[in-house]
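Asks: After the sequence you'll find the predicted model.
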Amino acid sequence: MIDVVIDSLEFARGGRVREGTIRIDRLPRLQDLLADPVGELSVRLEGWRDEEGKSWLHLDVVGEPVLHCQRCLGGVKFPLHIDSRLQLVAPGEAWPDDDLADDSADAIEADRALALAPLVEEEVLLALPIAPMHEDCEPPGGAANEHGLSPFAALAALKKH
C-alpha cells in the first residue's frame, strides 16, 4: 500500500475502499521519533459523497509504533488508533471553515494523484504525543551512576558549606 496513488475526488465519488498495511520503516518523516522502526500500520481508506454533494475520505489507521520515552529514553509502545474524516476541497474552491468548526473533520485539497503513504504519515505525526513516556519508569542515571552519587549531589554538599 506504500506506493498507492489515487484520484481523491473520483475515489470519493465512486465510494471506493482501500485496505492494507504500511511498514513503519517506510515512513521517513516518522523515523526520528521512533525507538525501533519495526512493525506496520493497518490502514483503511473509504471515500463517499454526502447528501450535499461534498466529497469525503474516512481514514482509519491502527498500529503500535515504538517511540522514545522522554523520561528513561527507552522504547515505549504507543497504541495508535486514528479515525479521521477528511473533506475534499477542489482546487480553487472556498475552504469550509464553518463546516469544520466542531473539529470532527478536517479539510484537504483534492488531488488527482494523492499518495496514500504521505497522507497516512501526516495523520500519524499529528496523532503522536509530544512527550511519550512510560507510566512508570526512572530517568537514566537516576540518583546514582556507575561512579557512585550524582555529580549534582557533590554540588549540593558544597552549597551547604
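Replies: Done, it's in.
Asks: longest helix of this protein?
Replies: Scanning the chain for the helix with the most residues, using DSSP state H, yields helix 116-127.
Asks: centre of the chain versus that one, how much separation?
Replies: 5 Å (C-alpha atoms, centre = their mean, to the nearest Å).
Asks: What of stretch 58-67?
Replies: Worked out by C-alpha atoms, centre = their mean, stretch 58-67 lies 7 Å from the chain centre.
Asks: how about the CA coordinates for that stretch, as CSV?
Replies: Provided in CSV are the C-alpha atoms of stretch 58-67 (Å, rounded to 0.1, in the frame of the first residue of the first chain):
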residue,chain,number,x,y,z
HIS,A,58,-12.5,8.4,6.0
LEU,A,59,-9.1,7.2,7.1
ASP,A,60,-8.6,4.6,9.8
VAL,A,61,-5.1,3.7,10.9
VAL,A,62,-4.2,1.2,13.7
GLY,A,63,-0.8,0.2,14.9
GLU,A,64,1.7,0.3,17.8
PRO,A,65,4.8,2.3,16.9
VAL,A,66,7.7,2.2,19.4
LEU,A,67,8.6,5.7,20.4
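Asks: Kindly provide the distance from the most centrally placed residue in the chain to residue 154.
Replies: With distances taken as C-alpha atoms, centre = their mean, the residue of the chain nearest its centroid is residue 124 (1.4 Å). The spacing between residue 124 and residue 154, counted by C-beta to C-beta, to the nearest Å, is 44 Å. To be clear about C-beta, it is placed using only N, CA and C from the backbone, and glycine gets the same treatment.
Asks: now do residue 23
Replies: Using C-beta to C-beta, we find residue 23 at a distance of 48 Å from residue 154.
Asks: go on, residue 139?
Replies: 18 Å.
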